[in-house]
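Chemist: For reference, the sequence and a predicted model appear below.
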Amino acid sequence: MSIDRIRNIVAENVKLAKNIAEISNNDDLYSLGLTSLTTVNLMLSLEDEFDVEFDDAMLSRHTFESIAALNEAISELLD
């Protein structure tokens, strides 16, 4: 399932204030430590993992604010 893959990639690429297992899919990743720099690294890792490319319209805080938002964006790119 892609949400599990996304969670693993977030855990590998972002130093968060909580363990990934304690984070719900709707928790605000920015409030937990995601920064603009780590957003870029996270985006690149997600693009590699899912063989997609985020388009310019998706490059916003909203897309990366939660695991659920990332899952929605990736699902859209895979369709």
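Modeler: That came through fine.
Chemist: Going by C-alpha atoms from here, please, whenever you check contacts or count neighbours.
Modeler: Will do.
Chemist: quick one: low-confidence ranges for the chain?
Modeler: 1 (pLDDT under 70).
Chemist: ok, R7 touching I67?
Modeler: Yes: R7 lies in contact with I67 (CA atoms under 8 Å); the separation is 6.8 Å.
Chemist: quick one: I3 from S45, how far?
Modeler: Using CA to CA, to the nearest Å, I3 is found at 14 Å from S45.
Chemist: With D27 instead?
Modeler: From D27 across to S45, the span is 20 Å (CA to CA).
Chemist: out of those two, which sits in the more crowded spot?
Modeler: When neighbours are counted by other CA atoms under 10 Å, S45 comes out ahead of the other of D27 and S45, with 17 against 14.
Chemist: Off-centre distance for the one helix or strand that one maps to?
Modeler: Take DSSP states H and E as the rule and S45 turns out to sit in helix 36-50. Between the centre of helix 36-50 and the centre of its chain there are 7 Å (CA atoms, centre = their mean, to the nearest Å).
Chemist: residues near A21, how many?
Modeler: 9.
Chemist: With the one 4 residues further on instead?
Modeler: A count of neighbours around N25, defined by other CA under 10 Å, yields 17.
Chemist: residue contacts, the spatially most central residue of the chain?
Modeler: For the chain, L70 is the residue whose C-alpha lies nearest the centre (CA atoms, centre = their mean; 4.7 Å). By CA atoms under 8 Å, 6 or more residues apart in numbering, the residues touching L70 are I6, T63, F64.
Chemist: Please apply the same query to G33.
Modeler: Contact partners of G33, counting by CA under 8 Å, 6+ apart, are V14, K15, L16, A17.
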